[in-house]
Structure formats: C-alpha cells, structure tokens
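Student: pasting the sequence and the predicted coordinates here, then a few questions.
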Amino acid sequence: MYRRWSRTRLRPVAILACLLTLAASVPVAAQMWRSRRPPPTADSAMPQAEFHMARLIYGNNTSQLGRGFGRPWWAIDWPEAEAHFLPAVKRLTRIEVSDDSIHLELTDDRVFDYPWLFAQQVGYWTLNDAEILRLRQYLERGGFLVVDDFHGPQDWQNFEVIIRQVLPGRPILELPADHELLHVFYDLDERTQIPGERHLRLSGNDEVVVDMPYSPPHWRGIFDDDGRLMVAINFNMDMGDAWEHADDWYYPEPMTALAYRFGINYIIYAITH
C-alpha cells in the first residue's frame, strides 16, 4: 500500500544546516539516552491520577530485545510515545492524566488498580499459565486491554494463540462502523491505516510515501457477556509510532492526529464502561 504526503522541498543550504546540527547533537543525544531514567514501576499503592496508563510487561526482558537501543518488545516507543500522547490527552479532554505510564507484570496484584492496559508488539508476546489466568481475571473484572503494532499473518497467529487461551470461546470480531468506541468522544468514521515510522520513505519529489507491508488495517475486539469491549485490537497498524513521532517532520501529521483521537476514544470508553 502506497500513500503520498506532500512536504515542502528543502533548499541545499537548509539541508546542509540540518545535517551539521544533527551531527553536533548526536553525542548529546547519546548521553541523554544513557542517562535516561529507567522504566517507571508501580511503587505506590494506587495510580497517581484519574487516568494512569499501564504498559504490559511480558517475556524475559534480556531475551526479547526489540528494535532500537536494546529496548524489549513491550517497551517499544517508550518514553517518546507517552511524552507526546499523555499531554495531548490533557489538552484535548478534562481528564486528569499521569505524566508517564506505569510498567507492570501481570503477576503484580497492583495491575487491578490500572484499568487501561497497553500492550505493543503482541506478535512477539509470550505469557505463561499464571499470566494467562491473571489476564483473564483482569479482563473479566472490568479491565480494558489495547494491543497495537503487529502486522501480517505470523504476528496475528502468535497473538491469536495466546489471546484464545486467555479468553477461550470468545470470538474476535471486526468493530462495526456504528460501535460506541468509534463515537464515544470523536467520530472516527475514517479507517485510515496508521503507519509505523519504519514504513515511511522519501520519494524523489521530497514526498513522504507510506509503504505498508500488510493491509488492510483492522480494528477488532473481544467482548464480554454484556457486550462490553474487553480487548481493542489494532492490527496492521502502529498507533504507538504515530504518538512517538508526533514531532518528527517526516511523519504525516494527519496520522498522528488520527492516532490521538483513537487513543482518547479508547481511554474514555474504558473509564466509562
């Protein structure tokens, strides 16, 4: 799938200035990365705001390293995604929002204090029997899980094998256009595929081209007996990357805006159901 997003052509002098600035900033950026704080943990007994996003820790952190600076798959896009998205939630809603996400394993009893759980790269996730049982309990007690950033049949197969163990017998359904999740705050009538940064490239005309390896995008879900959405599934798209690269000149602004709207709808749906 290809889509073009026009950008202003840079003059050669401007390009040279950008390159010199970038070269000078590399050592500083590397030092900032090395001194960056570790992932936050739930040291306090309760969340620190009306809405406190939690990231799901899964797998062995040392054996499941993902792309970029040795971060594990579950931590992909952190902390940049939260640094952009959570302030946007504050600006666009009246929800009191925490400054950063909390990172929790399912075996931590405090996971039940955080009703909005975010899991990325679930094409690589692994859960043991105890974690599978705990996630089932979490969802059946009213928790809301959003899964994001996985693509293609192999990723889907790995995700599906585990989620069907978590919620056996519950079908995975496409969200209809009139579902409340898509209209609880923003009307999300546009089903545009949200790309990962790695799926963007510059054309010869200085246009950003979206080149997604798998399509179409799917917004799917798993529901409880009362029709409440328990698991929101972003498949063949990367909402987290759209948050992470919100201030990058080459990432299409309409995609970040759409990702913000989806994220806010997920939050409001979760805290009102």
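Tutor: Looks like it arrived, so ask away. This one's a predicted model, so the numbers in the text were calculated from it and none came from an experiment.
Student: for D224, what are its contacts?
Tutor: L139, E140, R170, M230 (CB atoms under 8 Å, 6 or more residues apart in numbering). C-beta here means a position set from N, CA and C on the backbone, and glycine is covered the same way.
Student: gap between it and P254?
Tutor: Here the criterion is CB to CB, to the nearest Å. By it, D224 lies 34 Å from P254.
Student: the spatially most central residue of the chain: what's it in contact with?
Tutor: For the chain, the residue lying nearest the average C-alpha position, counting by CA atoms, centre = their mean, turns out to be G240 (3.3 Å). For G240, the contacting residues are I76, D77, A81, Q120, D148, D149, by CB under 8 Å, 6+ apart.
Student: just the buried residues out of those residues, in PyMOL syntax.
Tutor: The buried residues among those can be selected in PyMOL (16 or more other CB atoms under 10 Å) with this line:
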select buried, resi 76+77+81+120+148+149
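Student: got CSV for the contacts of G240, with secondary structure and distance to K90 too?
Tutor: CSV is the format used below for the contacts of G240 (DSSP: H, G, I helix; E, B strand; the rest coil; distance: CB to CB, whole Å):
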residue, secondary structure, distance to K90
I76, coil, 23
D77, coil, 19
A81, helix, 15
Q120, strand, 22
D148, strand, 21
D149, coil, 24
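Student: nearest to D178, of the contacts of G240?
Tutor: Taking CB to CB as the measure, D178 lies nearest D148 of these, at 22.8 Å.
Student: how far away is the closest one from G196?
Tutor: Look at D148 and G196: by CB to CB, they are 10 Å apart.
Student: now V184
Tutor: Computed as CB to CB, the V184 to G196 distance reads 26 Å.
Student: R55 belongs to a strand?
Tutor: Yes: per DSSP: H, G, I helix; E, B strand; the rest coil, R55 lies within a strand segment.
Student: wait, it touches I102, no?
Tutor: Yes: with contact defined as CB atoms under 8 Å, R55 counts as touching I102 (7.2 Å).
Student: for the stretch 151-273 of the chain, what spans make up the helices?
Tutor: With helices called from DSSP state H, counting those that start in this stretch, the stretch 151-273 of the chain shows them at 152-166, 239-244, 253-272.
Student: comparing these, which stretch has the densest surroundings?
Tutor: Of the helices of the stretch 151-273 of the chain, the one with the most neighbours on average (mean count of other CB atoms under 10 Å) is helix 239-244, at a mean of 26.
Student: where in the chain is pLDDT low?
Tutor: Low-confidence segments of the chain, defined by pLDDT under 70: 1-46, 60-70, 197-208, 210.
Student: next, format the contacts of G240 as a markdown table and append distance to I271.
Tutor: Shown next, in a markdown table, are these (distance: CB to CB, whole Å):
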| residue | distance to I271 |
| --- | --- |
| I76 | 25 |
| D77 | 22 |
| A81 | 20 |
| Q120 | 21 |
| D148 | 19 |
| D149 | 23 |
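Student: for H273, state which of the contacts of G240 is nearest.
Tutor: D148 (19.3 Å).
Student: what residues does that closest one make contact with?
Tutor: Counting by CB under 8 Å, 6+ apart, D148 has contacts F118, A119, Q120, V122, N234, M237, D238, M239, G240.
Student: and if we set it to 7 Å?
Tutor: Residues in contact with D148, defined by CB atoms under 7 Å, 6 or more residues apart in numbering, are Q120, N234, D238, M239, G240.
Student: list of residues touching stretch 89-104?
Tutor: 39-42, 47-57, 78-79, 82, 86, 110-111, 114, 264, 267.
Student: that one spans what distance, first to last residue?
Tutor: Terminal residues of stretch 89-104 are spaced 22 Å apart (CA to CA, to the nearest Å).
Student: going forward, count from 16.
Tutor: Renumbered: residue one is now 16, and that last one reads stretch 104-119.
Student: what comes up buried for that stretch?
Tutor: Neighbour-count burial for stretch 104-119 flags V104, V112, S113, D115, S116, I117, H118, L119 (criterion: 16+ other CB under 10 Å).
Student: what's the answer for stretch 118-127, then?
Tutor: Those would be H118, L119, L121, D123, R125, V126, for stretch 118-127 by 16+ other CB under 10 Å.
Student: find the nearest non-adjacent residue to the residue nearest to the centre of the chain, please.
Tutor: Spatial nearest neighbour of G255, excluding adjacent residues (CB to CB, 6 or more residues apart in numbering): D92 at 4.0 Å.
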